[in-house]
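> here's a sequence, model it:
(chains A and B)
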2 protein chains.
Amino acid sequence: MLQGHQSWVFANRPVIRSVATVGGPYEAQGPVAEDFDLLHGDLWLGQDSFEKAGKKMMEEACEIAVQKAGLQKQDIQFFLAGDLLNQITPSSFAARTLAIPYLGLYGACSTSMESLALAALFVDSKSAQYVLAGTGSHNAAVEKQFRYPTEYGGQKPPTAQWTVTGAGVALVADKGEGPVITRATIGRIVDMGISDPFNMGAAMAPAAADTITAHFRDFDVDHQEYDLIATGDLGKVGYRICADLMQKHGVELPEVKYTDCGLLIYDMERQRDVLAGGSGCGCSATVTYGHILNRMKRGELNKVLIVATGALLSPLSFQQKESIPCIAHAVAIENVQ
Amino acid sequence: MLQGHQSWVFANRPVIRSVATVGGPYEAQGPVAEDFDLLHGDLWLGQDSFEKAGKKMMEEACEIAVQKAGLQKQDIQFFLAGDLLNQITPSSFAARTLAIPYLGLYGACSTSMESLALAALFVDSKSAQYVLAGTGSHNAAVEKQFRYPTEYGGQKPPTAQWTVTGAGVALVADKGEGPVITRATIGRIVDMGISDPFNMGAAMAPAAADTITAHFRDFDVDHQEYDLIATGDLGKVGYRICADLMQKHGVELPEVKYTDCGLLIYDMERQRDVLAGGSGCGCSATVTYGHILNRMKRGELNKVLIVATGALLSPLSFQQKESIPCIAHAVAIENVQ
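I've put the predicted structure just below:
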């Protein structure tokens, strides 16, 4: 049900019945590696293109999530997914394999929470019993499309982020065991005029701040409502800017409570290639459905707000000298007490 | 609320409070030209790229729809949109202009009904009072991306379709005057192995037949339930195949009741360039929100089922020799008696 200007409250408390995360070789070396269900030793996954490897990861994540929930694919009414590749082909090809009625989404790296918010809405409104919501990205496929062929070896500035190779999926259900989805806030486009695709953290930070502020306003709460607020994926630069913007707007967001998925997935000291941190649809999806939900399961966290951010540029819009329109969608997840 | 396997019934009957359609010069010469709200004499719309012209059309359609409904942009809670361009930039840039909380969608030419079905669900479940749902396409921007630069003048086979330059938007509301949205069926991917992007009608026809059959099954109805069933956009070739498939499956769909948006938007005799007919996100959107809703307003039709079809390929998936995954989503629109 609508709450405030741009938020939903889910009175029927849809359950995250199961989750699944799949990662690549670089993620396997990261500090949250043990939070993945499946890690691959190479980028190819036995496929003949990186795009097909990306599709394969999505399929694997969906399969594991369905299996963990003790369900069959036929039990799932809808599959909500998207990714970064042109025409979101990895998602659509995965939907072909799954043969579940499918709605394609595009929110760049915000797709993780766009799909989860919609899945919760479907279940909450009794428009579905089971919904699979997920997204993923593949470093080589995405870097090739948005930047250079990786073989080119072009240098990047320290503000650039590293596209995660990974897929994360949640199976949302009307009943069963698991944390529940209680609220969502849908973001609007915020564009402060940044046009540098090697500094997407800075571009996306104002959108994250806008959505967190809107969430607090719509529910009349502050940071004390949550044990953790995680943006994804602003990286080092964007994290700093988002924290500063919140302070500037007079909305308290203590750093002890605020983190970013792009800072959690890699070891920022040891894995220096990642520069300002992780990014890509797979980043907030795998960190949330893996690391953060595992922390909730262990009782370290009970109520979290995930604020997935997306930079909605295209290589063409960049070439046409457009700035980067950014967005962030927030979803609140709670342990059942 | 969920009905059957993959459908929704909207008990609160969300209203299409207003619609708006914008078209280009070739659409202005077509047989349904007078059903457009705004027609442009050239492809540029005063912009310096075709992509920006596509964005401009989306913005114009949204503005007209909001104005027609006697509302302000701030009254609208959510904007649901997508298009064919990489990373759906025309939609996202239009969302930046609108500053309405935004969910990006990708269903290729099925986006018209994907967005309308979701808008109806939002309003029906009281998750929104007003939702703008829309999509568009721009012939030159899309042909350039998916096929050749148009200047190249490459010949096309007679099975190819012509991308519509147009945008169509519906403003869905919880109350007010207008036809109501009563049902939706979400399609699954159907891929019969066709990989020829110059024959997308044939590729998409089985998806349309699958969704119509699912709709009839989920609601336990047949063609007699509707005054008109319109697919979009199968064109000449796909229309024939869909009709044949339905017959083969023993599901009656009399031709007098069945049409295709890709056959309605151009004069197939006079506008020979369109070959097998219209296509592109803007086709089913402008024909439905313009021509078909005008026929409903005049009382010629009272209950229609729009089945928007999408070919979810990308130029890259085609180059990698993948076949074309296709989908169709159906939405039922009724006059209030």
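> got the contact list for the helix or strand A:Cys283 falls within?
According to DSSP states H and E, A:Cys283 maps onto helix A:281-286. For helix A:281-286, contacts defined as C-beta atoms under 8 Å, 6 or more residues apart in numbering or on different chains pick out A:21-23, A:27, A:35-36, A:57, A:82-84, A:108-109, A:111-113, A:134-138, A:163-169, A:230, A:232-233, A:261-262, A:265, A:306, A:308-309. For the C-beta atoms, the positions are set from N, CA and C on the backbone; glycine is no exception.
> okay, and for the stretch 51-200 of chain A, where does confidence drop off?
Scanning the stretch 51-200 of chain A for pLDDT under 70 picks out nothing.
> quick one, strands of it?
Using DSSP state E, counting those that start in this stretch, the strands found in the stretch 51-200 of chain A span residues A:78-83, A:102-104, A:130-137, A:162-163, A:166-173, A:180-185.
> could you export those as JSON lines, including mean neighbour count and distance to B:Ile64?
Formatted as JSON lines, the strands of the stretch 51-200 of chain A follow (neighbours: other C-beta atoms under 10 Å in any protein chain shown; distance: least, C-beta to C-beta, whole Å):
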{"stretch": "strand A:78-83", "mean neighbour count": "30", "distance to B:Ile64": "29"}
{"stretch": "strand A:102-104", "mean neighbour count": "29", "distance to B:Ile64": "27"}
{"stretch": "strand A:130-137", "mean neighbour count": "32", "distance to B:Ile64": "34"}
{"stretch": "strand A:162-163", "mean neighbour count": "26", "distance to B:Ile64": "39"}
{"stretch": "strand A:166-173", "mean neighbour count": "32", "distance to B:Ile64": "37"}
{"stretch": "strand A:180-185", "mean neighbour count": "24", "distance to B:Ile64": "29"}
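> can you put the ones you listed in CSV and add distance to A:Ser279?
Shown next, in CSV, are the strands of the stretch 51-200 of chain A (distance: least, C-beta to C-beta, whole Å):
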stretch, distance to A:Ser279
strand A:78-83, 13
strand A:102-104, 21
strand A:130-137, 8
strand A:162-163, 6
strand A:166-173, 11
strand A:180-185, 21
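> what's the closest of those to chain B?
Checking these against chain B by C-beta to the nearest C-beta gives strand A:102-104 as the closest, at 4.2 Å.
> who are the contact partners of the residue lying closest to A:Ser284 once chain neighbours are set aside?
Counting by C-beta to C-beta, 6 or more residues apart in numbering or on different chains, A:Gly232 is the residue found nearest to A:Ser284 once chain neighbours are left out, at 2.8 Å. Listed by C-beta under 8 Å, 6+ apart, the contact set of A:Gly232 reads A:109, A:112, A:260-262, A:283-284, A:287-288, A:306-309.
> same check on A:Thr97?
A:55, A:59 are the contacts of A:Thr97 under C-beta under 8 Å, 6+ apart.
> filter the contacts of A:Gly232 down to the buried ones, ChimeraX style.
Per 16 or more other C-beta atoms under 10 Å in any protein chain shown, the buried members of those correspond to this ChimeraX selection:
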select /A:109,112,260,261,262,283,284,287,288,306,307,308,309
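> of the contacts of A:Gly232, just say which sits nearest to A:Leu316.
A:Leu316 lies nearest to A:Cys109 out of these, by C-beta to C-beta, at 18.7 Å.
> quick check: the closest one vs chain B, distance?
The gap separating A:Cys109 from chain B is 12 Å, by C-beta to the nearest C-beta, to the nearest Å.
> ok, that residue touching A:Gly277?
No - A:Cys109 is beyond contact range of A:Gly277, at 11.8 Å (criterion: C-beta atoms under 8 Å).
> overlap in contacts, these two.
A:Asp233.
> could you list the residues of the stretch 151-300 of chain A in contact with chain B?
Counting by C-beta under 8 Å from any C-beta of the partner chain, the stretch 151-300 of chain A comes close to chain B at A:186-189, A:191.
> now these as CSV including distance to A:Asn199 and neighbour count?
Below are those laid out as CSV (distance: C-beta to C-beta, whole Å; neighbours: other C-beta atoms under 10 Å in any protein chain shown):
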residue, distance to A:Asn199, neighbour count
A:Ile186, 25, 33
A:Gly187, 20, 29
A:Arg188, 21, 22
A:Ile189, 18, 26
A:Asp191, 14, 22
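> can these go into JSON lines with extra columns for distance to B:Gln320?
Shown next, in JSON lines, are those (distance: C-beta to C-beta, whole Å):
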{"residue": "A:Ile186", "distance to B:Gln320": "34"}
{"residue": "A:Gly187", "distance to B:Gln320": "34"}
{"residue": "A:Arg188", "distance to B:Gln320": "36"}
{"residue": "A:Ile189", "distance to B:Gln320": "32"}
{"residue": "A:Asp191", "distance to B:Gln320": "33"}
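> looking at those residues, which are in helices?
Cross-referencing those against helices under DSSP state H gives no overlap.
> now compare those residues and name the two farthest from each other.
Maximum pairwise distance among those (C-beta to C-beta): 16.8 Å, between A:Ile186 and A:Asp191.
> the closest residue to chain B within the stretch 101-250 of chain A: neighbour count?
Proximity to chain B, evaluated over the stretch 101-250 of chain A using C-beta to the nearest C-beta, is greatest for A:Ser125 at 3.5 Å. The number of residues packed near A:Ser125 is 23, by other C-beta atoms under 10 Å in any protein chain shown.
> now swap in A:Gly30 and tell me
25.
> who are the contact partners of the nearest residue to it once chain neighbours are set aside?
Among residues not flanking A:Gly30 along the chain, A:Tyr266 sits closest, at 4.8 Å (C-beta to C-beta, 6+ apart). A:Tyr266 sits next to A:26-27, A:30-31, A:162, A:274, A:277-278 when contact means C-beta under 8 Å, 6+ apart.
> and these as TSV, adding secondary structure?
Putting the contacts of A:Tyr266 into TSV (DSSP: H, G, I helix; E, B strand; the rest coil) gives the following:
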residue	secondary structure
A:Tyr26	helix
A:Glu27	helix
A:Gly30	coil
A:Pro31	coil
A:Trp162	strand
A:Val274	helix
A:Gly277	coil
A:Gly278	strand
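> list only buried entries from those.
Buried by 16+ other C-beta under 10 Å: A:26-27, A:30, A:162, A:274, A:277-278, out of the contacts of A:Tyr266.
> got those residues as JSON lines, with distance to B:Glu51 columns?
Formatted as JSON lines, the buried ones among the contacts of A:Tyr266 follow (distance: C-beta to C-beta, whole Å):
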{"residue": "A:Tyr26", "distance to B:Glu51": "34"}
{"residue": "A:Glu27", "distance to B:Glu51": "34"}
{"residue": "A:Gly30", "distance to B:Glu51": "37"}
{"residue": "A:Trp162", "distance to B:Glu51": "28"}
{"residue": "A:Val274", "distance to B:Glu51": "32"}
{"residue": "A:Gly277", "distance to B:Glu51": "30"}
{"residue": "A:Gly278", "distance to B:Glu51": "29"}
